[in-house]
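Participant: no sequence for this one, just the structure:
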């Protein structure tokens, strides 16, 4: 095992387990996404500390992060405070952001992503290949991981075009 990803689900009393597409847009539009992100980070930090206490090897855990969180002036201080509380190093957290989100208000966002990288956090571009994807933009982003959209990878064995695109990105 080289890494994990924390996935958010909402156990709704009437509708059952809700996937992120059913509640994250509402969290973003209502301004609650940063609070949700803090809860996710706390849960991840708590779990990592528990595994460490049990003597298990720790691997980085990927967490999706929204543009609103990155642009929040208290984001970095909150991250560092949570990691300090649980005695964890930033290299155990990998933030996933979509390329389109990273390129909105690009100068400020890139500055924030570079600051996170300088502190030791890992960065990943999520769902690369959806929307407006640019290898030129990709060069500017301080990332260690590119997660291609599954539509390319799933079709790569059957579809030569998907295979060619996947190989070119790799």
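Facilitator: That came through fine. Keep in mind that what you see is a predicted model, and the values were worked out from it rather than measured.
Participant: can you name the element that comes right after the helix or strand of the chain with the lowest mean pLDDT?
Facilitator: Among the helical and strand segments of the chain, the one scoring lowest on mean pLDDT, DSSP states H and E is helix 135-140, with a mean of 71. Note on helix 135-140: by DSSP states H and E, the next helix or strand toward the C-terminus is strand 145-148.
Participant: avg pLDDT for that following strand?
Facilitator: Mean pLDDT, computed over strand 145-148, is 80.
Participant: ok, that strand: who's next to it in the sheet?
Facilitator: Strand 145-148 pairs in its sheet with strand 122-128 (parallel), by DSSP bridges.
Participant: tell me the centre residue of the chain?
Facilitator: Among the residues of the chain, the one closest to the centroid is residue 96, at 2.0 Å (Cα atoms, centre = their mean).
Participant: what are the buried residues along the least confident helix or strand of the chain?
Facilitator: Within helix 135-140, the residues that count as buried by 16 or more other Cβ atoms under 10 Å are 137, 138. No exception for glycine: its C-beta is placed from N, CA and C like everyone else's.
Participant: for it, name the packing helices and strands.
Facilitator: Using 3 or more Cβ pairs under 8 Å, 6 or more residues apart in numbering; DSSP states H and E, the elements in contact with helix 135-140 are helix 99-102.
Participant: starting at the chain centroid, how far to the helix it packs on?
Facilitator: For helix 99-102, the separation from the chain centroid amounts to 11 Å (computed by Cα atoms, centre = their mean, to the nearest Å).
Participant: do stretch 154-161 as well
Facilitator: Going by Cα atoms, centre = their mean, where stretch 154-161 is centred and where its chain is centred differ by 26 Å.
Participant: ranges for the helices of the protein?
Facilitator: Using DSSP state H, the helices of the chain run over 24-29, 33-53, 67-71, 75-86, 99-102, 106-118, 135-140, 150-155, 160-169.
Participant: weakest of the ones you listed in terms of mean pLDDT?
Facilitator: helix 135-140 (a mean of 71).
Participant: which residues are contacting that one?
Facilitator: For helix 135-140, contacts defined as Cβ atoms under 8 Å, 6 or more residues apart in numbering pick out 99, 102, 103, 106, 110, 125, 128, 146, 169.
Participant: how about stretch 151-166?
Facilitator: If you take Cβ under 8 Å, 6+ apart as the criterion, stretch 151-166 is touched by 129, 130, 148, 169.
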